[in-house]
Structures are given as structure tokens and as C-alpha cells.
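[1] Sharing a model that was predicted from the sequence below.
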Amino acid sequence: MSIHLLGIRHHGPGSSIHTMDALEAVKPDIILIEGPPEGEAMLPWVIHQDMKPPVALLAYIPDNPQQAVFYPFTVFSPEWNAIKYALEHKIPVRFIDMPLTHRLAMKLEDDTIEIIPAINTQEDDVVIDEVDIDTLKRNPIAYLAEIAGFEDAEEWWEHQFEIAHHPVAVFEAINNAMTALRNQLPPKEDQHEAIREAFMRRAIRTAQREFYTEIAVVCGAWHVPALSNMPKQKDDDLLLKNLPKVKVEMTWIPWSNDRLSFESGYGAGLESPGWYAHNWDNPQDNGALWLSHTARVFRNNQVDISSAHIIEAVRLANALASLRQLARPGLKEFNEATLSVMCMGDTIFMKLIHRELIVGRVLGQIPEGTPQIPMQRDLEQRIKKFRLKISNEEKLLKLDLREENELQKSILLHRLQVLAVNWGKLQRSTTKGTFKEEWILCWDPELTIKLLEKAPWGNTIASAASNYLQHQAEQCKRLDEITMLVQIALPADLQNAVKIIMKRMDELAAGTADTTMLMDAFIPLVQVSRYGNVRKTDLGTVNLILRAIFYRITAGLPLSCTGIDEEQAATLSEKIKEVNQSVFLLEEEELKHAWLEANQQIVGLNQAAPMIQGYCCKILYDAGILDQEATSNEFSKALSINNTPDFSANWLEGFLKDAATILILDDTIWNIVNEWLINLEETIFLQVIPLLRRTFAIYSNIEKRKIAERAKHGKTEPTNVFQPTAIDEMRARKVLPILEKLLDL
């Protein structure tokens with residue numbers, strides 16, 4: 001009976017080659033692999049013809065999917081190829097790590113997500129004299145590389161283990177190195193690791209009792225010494241006694257190369273998965289193929305590269321390998337050759353190669369029928385129905401909501417956003433009055449966790465989104481909270497949820513005296529009411545609540561403008577501006593009349609903040625309620641010497657806010673402001689200037705220049721006021737088609 005311990009580097013193609021060679025040499029009758037035993041039921045899918053790595057085993061707690069573990073595999077992972085070998089040769093294969101039913105139960109933080117295996121290469125600097133034990137265990141490769149005089153652990157490993165060696169010699173060397181490291185470590189209690197290795201030893205003993213004679217164990221190199229020198233079984237049994245348990249479920253999910261790369265901050269510790277995949281698929285490549293791929297990437301990005309560049313780069317890479325006494329060029333040599341020959345020393349272009357080729361943009365694929373929760377299956381069916389494609393590359397999706405199929409795509413993406421599964425990011429919203437939407441689609445494996453979190457709310461995307469929104473509505477205690485739900489529920493076409501939300505919104509609005517909060521609720525409702533017909537939304541309930549909120553605003557707004565400071569006045573004037581635009585957008589005379597009456601009350605209210613008084617005066621002037629004479633009287637009262645300079649400046653700021661055109665074209669307003677400034681005493685003028693600067697600072701440079709030119713010539717300078725002329729209807733008709741296209745009508 002023989003036990004063959006194959007200590008590997010997770011995701012190492014060289015380790016994978018050596019593992020396959022060792023398995024062919026020893027012909028095992030069972031293969032034990034470091035991995036979660038709960039995943040064994042998912043292993044037959046590995047050899048399915050539609051299974052395309054990179055993929056990951058996802059283990060999660062059904063009641064708390066955020067507590068989850070990913071086990072990534074790619075085409076060159078030693079574990080992946082060992083599983084394939086066992087299945088193809090009909091050899092029993094088992095996972096022997098600590099069961100996740102215990103591991104996840106022992107975790108202290110509910111929101112922790114792990115990626116396993118965890119031997120990675122992201123720690124480049126390890127201090128030999130003062131070794132951090134946890135860092136060394138996590139990355140023994142970097143420690144050994146530094147001892148050997150290498151700054152880059154990747155480079156050391158590549159040339160020591162990723163090139164051809166006799167497999168037995170390689171695994172003996174790894175075993176000796178790890179044994180020496182572990183023997184030299186100061187004693188430190190690590191209960192978690194001890195339990196994991198006890199489970200591995202238990203699995204080996206079980207295989208021995210079942211009379212398997214050639215047992216191959218594929219595990220992380222760090223664990224080999226603990227499995228080669230087994231303690232007594234009773235000691236391990238004592239470690240594994242009374243461990244906590246939790247229910248765990250597992251599934252396969254697609255993975256991506258950038259998630260294998262540690263640079264993402266969420267990877268499994270592989271710096272160059274694209275390069276390793278190339279090595280796995282093309283073990284005899286001397287650089288010609290790799291550098292041809294490099295040239296293709298440059299050409300696809302409008303960088304001119306000729307065949308001569310490729311030839312010279314191959315020559316340079318091989319020359320560098322010879323100078324460094326290497327059997328063949330590695331990634332370092334190819335990068336240096338690319339930088340020198342193709343990039344002319346410009347490192348910016350190398351970032352492109354790193355992203356597109358060294359890391360790569362590969363996204364895996366799992367077979368149809370893989371065990372999934374119902375909501376995952378529903379999403380996949382809809383993606384297939386709408387002929388969308390899951391990809392980890394950003395893709396622009398343009399939708400015309402007048403087309404039924406396009407509208408349904410939009411509804412799906414909005415429903416996913418309700419569930420916080422942000423596969424798509426909306427670039428242009430229909431609330432701006434257009435029939436079109438633009439989305440940026442990009443799938444991230446982490447979104448699967450987001451989907452699993454919402455699984456308790458329903459078996460389909462629609463039911464889960466509706467139930468989840470209703471739950472959120474019931475939890476809302478403030479009007480501004482419920483307003484956000486209305487905005488996301490309507491484009492998601494969740495009618496049942498909308499009814500519940502609107503009912504709750506009406507209840508909260510009735511109990512809200514905060515005018516600002518009411519205004520925040522009113523503005524998005526106007527957008528929905530004005531453009532909701534694009535989505536065939538039932539707007540009856542929306543309009544009822546919209547009107548109720550509006551009349552609460554007009555009743556409470558005048559009083560809200562009193563007893564506030566300048567900062568509060570500036571905020572409230574912005575809200576008034578938005579409500580004013582919304583009211584005129586509705587084009588309902590009843591609401592418009594009530595709104596202008598409220599503004600008249602504010603203008604006549606002496607206690608109102610001067611900035612708001614000024615802005616409301618401008619609203620009335622623009623609406624034609626105040627003519628030039630009445631407006632001039634309001635200016636005279638506000639800019640009177642009986643008022644403080646601060647009051648006058650704030651009133652003027654309110655009136656002239658976003659009103660550069662009035663100053664440029666309206667002689668009456670210009671002369672009033674100009675006269676007021678001219679008659680100010682010098683000391684008061686100096687006090688007012690900083691206040692007025694805020695008003696003019698928001699004007700564009702062109703507007704400022706025109707105002708300055710007019711000021712230079714004085715108040716009598718004539719202005720180019722538009723004079724209406726007869727319209728040539730024939731010429732106007734020629735413009736209409738172009739105008740409709742520009743306005744997207």
C-alpha cells in the first residue's frame with residue numbers, strides 16, 4: 001500500500017503537468033484532493049462537454065448566502081486535471097479538506113467571502129530575520145524565492161518548477177522544502193489549520209481501511225509534511241470532536257481570469273492566468289505564437305505592428321534567455337522584448353498587454369442543467385430568450401422602449417437592479433423624456449452571491465423583486481426613503497409592488513410636515529407622470545398622490561421660507577427651482593396657477609429669506625405675472641438703502657441665479673441693477689462684492705464676457721433684443737425632420 005503525496009501550487013500549470021505525469025506513473029486506484037467534501041456531488045460535471053473553465057464551486061449557507069466560499073478552477077489547475085483524470089479513468093475521487101458544514105459554522109464574520117485555495121503570490125517582500133508566520137504560511141513560495149536571491153517569486157517558481165522536470169524529483173524537492181520550513185518555524189497554535197489537516201489525514205486512513213493500494217493525494221505544498229508524518233488517530237479524533245455545523249449548498253458558477261489574478265483584490269493569487277493558459281495549451285512555443293498574439297492585441301487597438309516586429313522580438317527574448325542561462329524564455333523575457341521592440345520603451349502600451357493577454361478577459365461557462373436555485377434558472381432562461389450574453393467585458397446595450405422586446409429587456413435589467421444585481425448600469429434614463437435607454441453590461445461572478453441573497457423572496461426575478469420591494473416599503477419610516485422605491489419600482493413594471501409602495505407613500509406624505517421632503521418626493525413623481533406612458537404604466541394612482549403632495553407643498557412652502565439661514569435658503573431655493581420646472585413640465589393650468597399663487601405669497605412675505613424672495617420674484621417675472629413696472633417696484637423695495645447690504649445682495653442673488661440672459665437682454669433689469677450698484681457707498685460696495693461674486697461665478701465665460709462688455713459701455717448701451725419677424729413656413733417645414741431626429745422624437 002503506497003501513499004503518493006503530490007504537493008502542488010494552486011493554479012500552477014507546471015504543477016499540473018507534474019501531477020498528470022505522476023498520476024500516469026503511479027496508476028492510482030483512488031485520488032484524494034484538497035477540497036470541500038460537499039463538492040463531490042458536483043464533480044461529474046467537470047467532464048461535461050459544455051463545461052468551460054475558468055469556473056468555480058460556490059458553497060453558501062442557504063439562509064445567509066453572503067457567507068460563502070468560492071473554489072476557483074481553470075484549465076491548468078492541478079486539482080481540475082486530477083479530477084478529470086479520475087473521472088475519465090473511472091477512478092474514485094474524493095475531496096478531503098475540512099467539510100464546509102463545519103468551516104462556515106466556525107466563521108466569526110457573517111459577511112466574509114473567501115476564495116480558496118489561498119496560497120498566493122501577492123506578498124513580494126518577506127523579511128527573513130523576522131518572519132511573519134501567517135504570511136509565510138500563506139505564501140511560502142515568496143520566502144523560498146527570496147532565499148534563492150529572486151525579487152520576483154513568480155519568476156523563481158516559473159524557472160524552477162514550471163519547466164520540465166522528473167515528476168518524482170519535483171514532488172520530493174517540494175516536500176523537503178516545506179518540511180524544512182515547517183520545522184524551522186517557532187511553535188504557534190493554529191487550531192483552524194490543525195483541524196483541516198486532521199480531516200485530510202482521516203480521509204487517507206479511510207482510503208487505507210478500504211484497501212486501496214495506490215493512493216494519490218493532491219494538496220497544497222504546505223500541507224505535505226503534515227500528511228507524511230501522521231500522528232495517532234486518537235489525537236486527530238480529539239481535534240475533530242464536537243465541531244459546530246451549518247447547512248451548506250453548492251453549485252458551479254462561471255469564473256473569470258481577472259478573478260484569478262490577485263491584482264483585483266479579490267483573486268486567488270495568480271498574477272498571469274492568461275500567460276499560464278497559453279503555456280498549458282502551447283508547451284512547445286518558443287515565443288513566436290505568444291508574440292503573435294501580442295501583435296494582434298496591438299493591431300486591434302490601432303497600434304501598427306509588422307511581422308518584422310514579431311521576428312525581432314522573438315530573437316531578443318531568446319537571446320535574453322541565453323544570457324540568463326535559462327532553458328527558454330519566460331514571461332519576463334517576452335515582456336522585455338515586447339517593451340523594447342514593439343513599444344519602443346513606452347510602458348503605457350504594456351498595460352494593454354497585461355490586461356488583454358497576460359491576465360486575459362476569459363469568462364468560463366457552465367453546462368445547461370447544472371444544479372441551481374429556481375431564480376438562477378429563471379434568469380438564464382430570460383437571458384437566452386432575449387438573446388443577451390453574459391460577459392465580463394463591458395458592452396453597450398441600446399434599447400428603444402417603443403419596441404416590446406426591447407422594453408422587456410429594460411424591465412429585466414431594472415428588476416435586477418431592484419435586487420441589487422447590477423449586471424447593467426443605466427447610462428441614460430427614460431425619466432429625461434426619451435424613448436431610449438443605454439446600459440453598460442458587465443457580469444461579475446460576485447453578482448451570483450447577490451442573486452442568492454434574494455432567493456428567499458421568490459422563485460423568479462419578477463416575484464423576488466416585487467416581494468423584496470414590498471418588504472422595503474413596509475420598513476420605510478420617512479417619505480424620502482419611499483420616494484426612491486417609487487423611482488425603481490415603476491421602470492421595473494412591478495404593479496403589485498407599486499400599489500403597496502404608493503399606499504405607503506400616501507400614508508407617509510400625510511404625516512410629513514417637512515416641505516423639503518415633500519418636494520423631494522414630488523419631483524420624481526412628475527417625471528414618472530410625464531413620461532410613464534413610455535412603459536405603459538398605470539398612472540392613475542401616481543397622479544392622485546402627486547396632486548396630494550403638491551397641495552401640501554403649496555400650503556407649507558411660504559412658512560418654510562421664514563426663519564432660515566443663508567445655507568438653508570440656498571438649498572430651499574434649489575428645490576423651488578426644481579419644483580417650478582416640474583410644474584411647468586406637467587402643463588396643467590390648475591397646478592400652475594396654484595404654484596404661482598404660492599410664489600406671490602412668498603414675495604409679499606417680509607419674513608421670507610431674501611434669496612428665496614428674489615428667486616420667486618424671477619419666477620413670477622418669467623411667467624408674466626409681474627410686468628416690468630411691478631418687477632421694478634420689487635427691485636426698488638429689495639435694493640432700498642433701508643435694507644442691509646446683505647439682504648439686498650442675497651435678494652439679488654436669488655433673482656439673478658441662472659439668469660444671465662435677463663441681464664444681457666433686458667434693459668429694465670440691467671438698468672435697475674446698474675443704478676443700484678452705482679449708488680452704493682464705497683464701504684457698502686466692498687461688503688457686497690464677495691456676495692455678488694457667488695451670483696456671477698456660476699455664469700459661463702461667454703455670459704460673463706457679454707455682461708462685462710455691456711458694463712463697459714454703461715446703462716445706455718443698446719442691446720440686441722430679438723424682434724419677431726414673419727415666419728417662412730416652407731423653410732420651417734424643411735427643418736422639422738432634422739429637428740425631430742435631434743430631439744429623438
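    That came in fine, so what should we check first? Numbering: from 1, shown residues only.

[2] Dead centre of the chain: give me the residue that sits there.
    Central residue check for the chain by CA atoms, centre = their mean: the C-alpha nearest the mean position is that of N422, 7.3 Å away.

[3] Which element, helix or strand, includes K425?
    strand 424-428 (DSSP states H and E).

[4] again, but for I411
    Per DSSP H and E: helix 404-418 holds I411.

[5] That helix vs strand 424-428, what angle?
    With axes from the mean of the first three to the mean of the last three CA atoms, to 10 degrees applied, the angle from helix 404-418 to strand 424-428 works out at 120 degrees.

[6] And the contacts of helix 404-418?
    The contact list for helix 404-418 (CB atoms under 8 Å, 6 or more residues apart in numbering) reads 379, 382, 386, 388, 397, 399-401, 422-424, 426, 437, 439, 461-462, 465, 468-469, 488-489, 491-494, 535. All C-beta spots, glycine's among them, are computed from the backbone N, C-alpha and C.

[7] Mind pulling up the pLDDT for the residue lying closest to P92 once chain neighbours are set aside?
    Closest residue to P92 apart from its sequence neighbours, by CB to CB, 6 or more residues apart in numbering: I30 at 4.7 Å. According to the prediction, I30 has pLDDT 95.

[8] Can you report how many residues neighbour R415?
    R415: 27 surrounding residues under other CB atoms under 10 Å.

[9] mind checking how far it is from E403?
    18 Å (CB to CB, to the nearest Å).

[10] G604 now?
    Going from G604 to E403 by CB to CB gives 52 Å.

[11] Now do the buried residues in the helix holding I411.
    Neighbour-count burial for helix 404-418, counted by 16 or more other CB atoms under 10 Å, picks out 406-418.

[12] Return the distance of it from the chain's centre.
    How far helix 404-418 lies from its chain's middle: 19 Å, per CA atoms, centre = their mean, to the nearest Å.

[13] Okay, domains of the protein per the record?
    Using automatic domain parsing, the domains assigned to the chain come out as 2-264, 284-359, 387-560, 563-745.

[14] May I see the ones you listed arranged in JSON lines, with distance to P374 as well?
    Formatted as JSON lines, these follow (distance: least, CB to CB, whole Å):
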{"stretch": "domain 2-264", "distance to P374": "12"}
{"stretch": "domain 284-359", "distance to P374": "34"}
{"stretch": "domain 387-560", "distance to P374": "4"}
{"stretch": "domain 563-745", "distance to P374": "39"}
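
[15] To H278, which of the ones you listed lies closest?
    domain 284-359 (5.9 Å; CB to CB).

[16] Show the end-to-end separation of the closest one, please.
    End-to-end distance of domain 284-359: 20 Å, with CA to CA, to the nearest Å as the criterion.

[17] Mind picking out the helix or strand in the protein with the poorest mean pLDDT?
    When the helices and strands of the chain are scored by mean pLDDT, DSSP states H and E, strand 113-115 comes last with a mean of 49.

[18] quick one: the strands in the stretch 1-150 of the chain?
    2-8, 30-33, 55-61, 64-73, 93-95, 113-115 (DSSP state E, counting those that start in this stretch).

[19] Which stretches in the stretch 101-250 of the chain count as helices?
    Taking DSSP state H, counting those that start in this stretch, the helices of the stretch 101-250 of the chain run over residues 133-138, 140-147, 153-161, 167-184, 191-209, 224-228, 233-239.

[20] for those helices, which one sits closest to F647?
    helix 133-138 (65.5 Å).

[21] and the helices of the stretch 101-250 of the chain as JSON lines, adding distance to Y60 and mean neighbour count?
    Listed next are the helices of the stretch 101-250 of the chain as JSON lines, based on distance: least, CB to CB, whole Å; neighbours: other CB atoms under 10 Å:
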{"stretch": "helix 133-138", "distance to Y60": "24", "mean neighbour count": "15"}
{"stretch": "helix 140-147", "distance to Y60": "30", "mean neighbour count": "21"}
{"stretch": "helix 153-161", "distance to Y60": "32", "mean neighbour count": "20"}
{"stretch": "helix 167-184", "distance to Y60": "32", "mean neighbour count": "16"}
{"stretch": "helix 191-209", "distance to Y60": "20", "mean neighbour count": "17"}
{"stretch": "helix 224-228", "distance to Y60": "28", "mean neighbour count": "20"}
{"stretch": "helix 233-239", "distance to Y60": "26", "mean neighbour count": "13"}
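
[22] wait, which of the ones you listed is closest to L479?
    Comparing these under CB to CB, the one sitting nearest is helix 191-209, at 48.5 Å.

[23] What is the closest one packed up against?
    For helix 191-209, the packing partners by 3 or more CB pairs under 8 Å, 6 or more residues apart in numbering; DSSP states H and E come out as strand 30-33, strand 214-220, helix 224-228, helix 233-239.

[24] Take the ones you listed and lay them out in CSV including distance to I641.
    Converted to CSV, the helices and strands packed on helix 191-209 look like this (distance: least, CB to CB, whole Å):
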stretch, distance to I641
strand 30-33, 90
strand 214-220, 85
helix 224-228, 91
helix 233-239, 90
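
[25] so which of these comes closest to I348?
    strand 214-220 (37.2 Å).

[26] Return the list of strands paired to that closest one, each annotated with direction.
    Sheet neighbours of strand 214-220, with direction, are listed as strand 2-8 (parallel), strand 30-33 (parallel) (DSSP bridges).
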